[in-house]
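Asker: Predicted model and sequence below, questions to follow.
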Amino acid sequence: MPTERETGDLLQGTLGILILKSLMLGAAHGYAISRWIEDATDDVLRIEEGSLYPALRRLEDRAWVTSEWGLSENNRRARFYTITAAGRKHLRSEASVWLRYSQAVTRVLRAEPSVA
Amino acid sequence: MSTPLWRRYLGFIRSDVRADVDDELSLHLELRVERNIALGMSPEDARREAVQRFGDVGGVRDALVDHDRRKQVTRQRAEYVADFVQDLKFGVRALRRSPAFTIAAALTLALGIGANTAIFSVVNAVVLQALPYREPDRLVTIGTGSFGEYLALRDRLHSIVDLAAWTPVTHPVDIGGDAMRLHGAAITSNLLPLLGISPAIGRDFLPAEGKFGNANVVLISHALWQREFAGARDVVGRSISIEGSRFAIVGIMPSSFHYPSDDVEFWQPYVVSPSNLGLMWGVNGKRMVGRLAPKATLTQGRTELRNVWPSLRRANPLWDPGPEYGTSVSVTPLQSQIVGSARALLWMLFGVTLLVLLIACVNVANLLLARAVARERELAVRAALGGGRGRLLRQLLTESLVLAALGAILGVALGWLAMRGLVAVMPAGIPRADEISMSMRALAFALATSVGTGLLFGLVPALRATSANGSQSSVGGSGRRATAGASQLRISGALVAGEVALAVMLATASLLLVRSFAALRAIAPGFETTHVVAARVSVPDARFAADTRGVLAFYQSVLDRTQALPGVRGAALVDHLPLAGPVWGIAARVQGQFEDFTRTLPFIDHMQIVTPGYFATIGIHVVRGRAFDDGDRAGAPWVAIVSQSVARRFWPNGDAIGQRIGFPYDSPWMTIVGIVPDTKQDSLRDTTSASMYVPWSQASRRFTGELWLVARTTGDPAAIGATLRRVVHDIDRAMPVSDVRTMDAVISDSVIKSRFTTLLVAAFALLALALGAVGIYGVMSYLVGERRREMGIRIALGASRASVMRLVLRRAVWLASIGAAIGIAGAIVATRSLRQWLYGVSPMDPVTLLIVPILFLAVAGLASSAPAMRATRADPASALREE
C-alpha cells in the first residue's frame, strides 16, 4: 500500500489522464467522472474527490476539455465536461507513454527471479 | 441539457462565479449522499462519508472560485480587446474609403486644437500662471513715488510690509570688450528677500550696501554671465564698469529670474544721499512693491494707503504738492501690474481662437452629419442584419475615436509649432515670455471640446440607423426617408449658418485690423526713411562729468569719420531719434507773448538737439529760412528752428523767422532761423507734432548721455550699419553702440505690435474662412446626396441641368446670407472692443461691412459648386428605377 504522499504524486500525473479517458465515453459532470474512475479502477485508486475539480480546471485551461451548463439526471443544474480534439490527442500520446512505461516496469518486475 | 433562459441571460451579463462553483460542488456531494443511502447508510453516515471522500470542501471551493474569477476577467478583457481591435480596423477602413471627409475633419480638429492650445499656452504663462516668487498672491504694488515718499511709506504702512522699491536704469557697461548699453534695475536691498529669490551664485546685497557711498556692488543676470563671462565660476568679486565707475560683482541671479522685466541684465543698489533733497523728493518713478501683512486684505491695504499717503504732503521739504496729493493712489496685485497691457491683447487673441475652436466643432459636427447620410444605407443594412444597437454604436464611436485621435495628434503637433512660432514673432515687451510653455490645461480643454464634439456627432448616424423607423425607412428606401432627411438638413443648415456667422465676425475684425494697419503704414512720417541708418552712441556719465570737452570732441570725430565713409552722403547727430522712443517736449518762452518763466508757459510737443546736417540727412526740407550751419557755434547768438505748427500757433499772421523763443528758465533768447514741416516724432499715430530744434553746439549742456548717429547712404543702408559700430569703437571702445537699424526698420519696429495683432487675427480669419468653406461644402454635399433622386427625377421630367445647379447654389447662398447677416450684426457689437487697436478706421467701417459678406457669399458659391456639379450628374434612369 503506497503512502498517502505517494498516492498524491501518482494522482498528480495520472488523474488528468483518467479524467480524459472517462470523457471518451461522452460528456459527464464531475460526480459521474469520479464514479467512472471508481468503477473502472475497482476503487484501487482511491482519489480524493475534491482534487478532481482543480484537475478539471487545469485541463480546461489547457483546452483539453470544455465545459457547459446543463441538467443532470435528477434535473439539477450541472456542469458537463467534454473532451476536445486536442484533449483526445493529448490522451493518446500520454496513454502510449504510460503503457510503454508500465510495460517496461512490468517486464522488469516479471523478470527472473519474479517478484510478482 | 439546456440552461434555463434566465440563467443564461444572467450569465451573459455577468456570470456569478461563486454560485456556479457552489452548484457544481453541492451537486457532487448530494449525488454521493444519495448513492450512499441507496447502499444502505444512515443519512448522517452517508453525509459524513461523502464529505470525507471529497476532502477539503472549503479549500477546493475557494480555489475554484479564485480560479474562475481570474479566468472570467481575462476572458472579458480579451473579448473587449478583440472587439476594439476589430472596430479599430473597421474604423480605419471606413475612414480610408472617404479620404476627403477624413482629411477635412481631422484637419479641422487639428486646427481648432492647435490654435487654441498655442494661444492659451501664451495666455496661461503671461496672465494666469502665478508669478514664480514666494507667496506671489500676497505681493502688491502701491504705485510710484519719490525715494523720500518710499522711505516714509515703508515706515508708516502696517498692512503692507517689507516695502521695497526699484527703478529701471539703462547704463553703459564695460566688461572688457566693446562697451555695451544695458538695461538694469536699481533696487532697495530688501527687494530680493521680498520676492523670496536669492542669487544662484554669490550673495544678495547687504543692508549696508543700500547706504550712500557704499553701493558699488552689482548682481548680474544669468544671461549676461553666460554671454560675457562664458559662465566662469570665479566671476564673483570681479568688477565691471557701469557709467564709468567700478562695481564689484557680488552674485549671479538664477536663469529664471527676470524681475522687473525680461531685458534686465544687472541689478544695483538704489542709493541716494539723504542730504540731496532734490533727488530725495523731487524725482518720482520709484516703483514700490510690498507684501500684504498676514491677515491683511487688499482692501485694507488700499484704505490704509489712501489715509497715509496724503499725510506725507507736509513731509515734502521742496514744495507743497497740493490738496489732491496722494488721494488717487491704489494697491494692485503685483501679477496684474506686471501683465499690464499685454492682458487685453492676449485675451482678445484668446477670444479669437475660441471662435475658431467653436467653428471647428461646428464643422466637425456638420461633416459627420453629412457623412451619416452617405452611410445611412450601409448602417441600416448592418443593423437589419442583426448588428446589435450597442455594438453598432460602439463601432461608430471607435471610428469617431480614430478620427479624433488623428485630429488630436495633428493638433498637438500644430499647437506646439504654433506656440514656438508665436513666441518667435511676439513683439518684445510681452512680459514673462520666457515662462511660456505648452499648457497641459489648454491642451486638455481643446482636446476635450473638439474630440467630445466628434464623438457626440459621430453617434448620430448610429442612433439614426438603429432607431426603429430609421432603419426600416432606409432599407426600404421609402418616402419616409425624405422627412427624416429634412429635419437633419435643417440642423445642418443651422450649423452652417452659425459657422458662417462666427467666421464673418472674425473676418470683419480681421479686415478692420488690416485696414487700420494699412492706414497706419500709409502715414508719411514727414522724412525720408530709405537710405537712412541710425545708431545710438552712449557715453558713461563719469566720462562726461570728468571730461566734457573730450566727449564733445569724441562725438565730433564720430561725425567726421562717418561723413568720410565711402557710400555715406551725409551724417548728423540727434539726441532723440524719431519713432524709436519718446521725443520729449518742453515748455517754452515766446518773446512778446510768454516771457515770464514763473508762470505757466506754452508746451512744445517735441524738442530735439541736432547737428547742422540733421535736416539734410534725414530728408526734412527747410520750408523757410535756413538749416543750422557751422556758424551756429557755442559763442554765436543762440538760434532755433521750429516746425510749421509752432510758427502758425505763435505767429499766425506774420513771419516766424527772426522771432525769438527760449527755454523755460533764465537763459538767452534763441532766434528762429528756419521753419520745417511737422513730422511724426513719438509714433506714426502722433497727433501732436509741434517740434523745436536747437543746435548741439549751443545746447550740449542739455546732453542726456547719448546721441543718435544718423547717416544717409547712397546704397544699402544696412551695409553701413556694421561700419558705424566700428567707426565708434575705433575711436573709443568704451562708448557703447546700440540699436543699429535702418530708418525703415525703425518705423516697422514702431508698429510691430499692430503688425503682430493684425497678422495673427488675419491668420485666424483665413482659418475661419477655410473652415466655413469646408462646412458649406459638407452640408451641400449632404443636401445633394439626400436629394439625388429628386434631382434625377427633375432632370428626367425635363428640368435643365443648369436649373438643378441653381437649386443647389441658391440653397448655399441662402445659408451663407443668413449666416453673414447674423455675423455682421454680431461683428458690429463685438468689434467695439477692438477700438483700442484701430487707427483711422471706424469699427463701423462701411467698406469692411460690405466686403466681408460679399466674400462669404462668393466662398459659399465656390464651396458648393462641386456638389452642384454632382447634382447635375444625377442619373434620371437610376433615380426612376429606385422609385
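Answerer: Thanks, I have it.
Asker: Leaving out chain neighbours, which residue sits closest to residue B:822?
Answerer: residue B:501 (4.0 Å; C-beta to C-beta, 6 or more residues apart in numbering or on different chains). Yep, even glycine has a C-beta here, placed from its N, CA and C like the rest.
Asker: Equivalent analysis for residue B:159, please.
Answerer: Excluding its sequence neighbours, the residue lying closest to residue B:159 (C-beta to C-beta, 6+ apart) is residue B:296, at 3.9 Å.
Asker: Burial check on that neighbour, number of neighbours?
Answerer: Look at residue B:296: counted by other C-beta atoms under 10 Å in any protein chain shown, it has 18 neighbours.
Asker: doesn't residue B:140 make contact with it?
Answerer: No. Applying C-beta atoms under 8 Å, one finds residue B:296 not in contact with residue B:140, separated by 9.8 Å.
Asker: Need the residues touching each of the two.
Answerer: Shared between the contact lists of residue B:296 and residue B:140 (criterion: C-beta atoms under 8 Å, 6 or more residues apart in numbering or on different chains) are residues residue B:160.
Asker: Could you list the single helix or strand in the chain with the lowest mean pLDDT?
Answerer: Reading this off chain A. helix A:4-23 (a mean of 68; mean pLDDT, DSSP states H and E).
Asker: try chain B instead
Answerer: Sorted by mean pLDDT, DSSP H and E, the helices and strands of chain B end with helix B:468-476, the least confident at a mean of 43.
Asker: residue boundaries of the helices in chain A?
Answerer: With DSSP state H applied, chain A shows helices at A:4-23, A:30-40, A:52-61, A:85-110, listed in chain order.
Asker: scratch that, the stretch 301-450 of chain B
Answerer: For the stretch 301-450 of chain B, applying DSSP state H, counting those that start in this stretch gives helices covering B:334-339, B:342-374, B:376-384, B:389-425, B:440-466.
Asker: Would you map the strands across the stretch 551-700 of chain B?
Answerer: Ranges of strands within the stretch 551-700 of chain B are B:568-574, B:586-587, B:589-590, B:603-604, B:606-610, B:624-625, B:639-643, B:660-662, B:670-676, B:691-695, based on DSSP state E, counting those that start in this stretch.
Asker: Which residues of chain A lie near chain B?
Answerer: Contacts of chain A with chain B, taken as C-beta under 8 Å from any C-beta of the partner chain, map to A:27, A:29-31, A:34-35, A:48-51, A:53-54, A:57, A:61, A:68-72, A:74, A:76-80.
Asker: quick one: contacts for the most centrally placed residue in chain A?
Answerer: Of all residues in chain A, the one closest to the mean position by C-alpha atoms, centre = their mean is residue A:18, 1.4 Å from it. By C-beta under 8 Å, 6+ apart, the contact list for residue A:18 reads A:37, A:40, A:41, A:45, A:47.
Asker: Would you mind listing where chain A has pLDDT under the threshold?
Answerer: Applying pLDDT under 70 to chain A flags residues A:1-13, A:114, A:116.
Asker: If we use 50, what do you get?
Answerer: Scanning chain A for pLDDT under 50 picks out the ranges A:1-9.
Asker: Secondary structure element holding residue B:48?
Answerer: Assigned by DSSP states H and E, residue B:48 falls within helix B:43-54.
Asker: tell me what that helix is packed against?
Answerer: Judged by 3 or more C-beta pairs under 8 Å, 6 or more residues apart in numbering or on different chains; DSSP states H and E, helix B:43-54 is in contact with helix B:17-38.
Asker: Backbone dihedrals for residue A:29, both of them.
Answerer: The phi and psi torsions at residue A:29 (degrees, to the nearest 10) take the values phi -90, psi 170.
Asker: Name the nearest residue to it, ignoring sequence neighbours.
Answerer: Nearest non-adjacent residue to residue A:29, counting by C-beta to C-beta, 6+ apart: residue A:78, 4.3 Å away.
Asker: what do you get for residue B:321?
Answerer: Once flanking residues are discounted, residue B:321 sits nearest to residue B:313: 5.8 Å by C-beta to C-beta, 6+ apart.
Asker: Does that neighbour touch residue B:327 like I think?
Answerer: No. Counting by C-beta under 8 Å, residue B:313 does not reach residue B:327; the two are 10.0 Å apart.
Asker: Quick check: residue B:698 vs chain A, distance?
Answerer: Separation of residue B:698 from chain A (C-beta to the nearest C-beta, to the nearest Å): 105 Å.
Asker: what about residue 68, neighbour count?
Answerer: The chain I'm using is chain A. Residue A:68 has 12 neighbouring residues, counting by other C-beta under 10 Å.
Asker: not quite, I wanted chain B
Answerer: Residue B:68: 18 neighbours (other C-beta under 10 Å).
Asker: could you list every residue that touches it?
Answerer: Taking C-beta under 8 Å, 6+ apart, we find residue B:68 in contact with A:57, B:17, B:20, B:21.
Asker: Check residue B:156 too.
Answerer: B:308, B:311.
Asker: got a pLDDT number for it?
Answerer: Residue B:156 is assigned 93 on the pLDDT scale.
Asker: Show the model's pLDDT score for the residue nearest to residue B:159.
Answerer: pLDDT at residue B:296 comes out at 91.
Asker: Just say helix, strand or coil for it.
Answerer: Following DSSP: H, G, I helix; E, B strand; the rest coil, we place residue B:296 in the coil state.
Asker: which residues touch it?
Answerer: B:158, B:159, B:160.
Asker: Can you give me the neighbour number for the second one?
Answerer: I take that to be residue B:159. Neighbourhood size, residue B:159 [other C-beta under 10 Å]: 21.
Asker: Repeat that for the first one.
Answerer: One way to gauge burial is a neighbour count; for residue B:158, by other C-beta under 10 Å, it gives 11.
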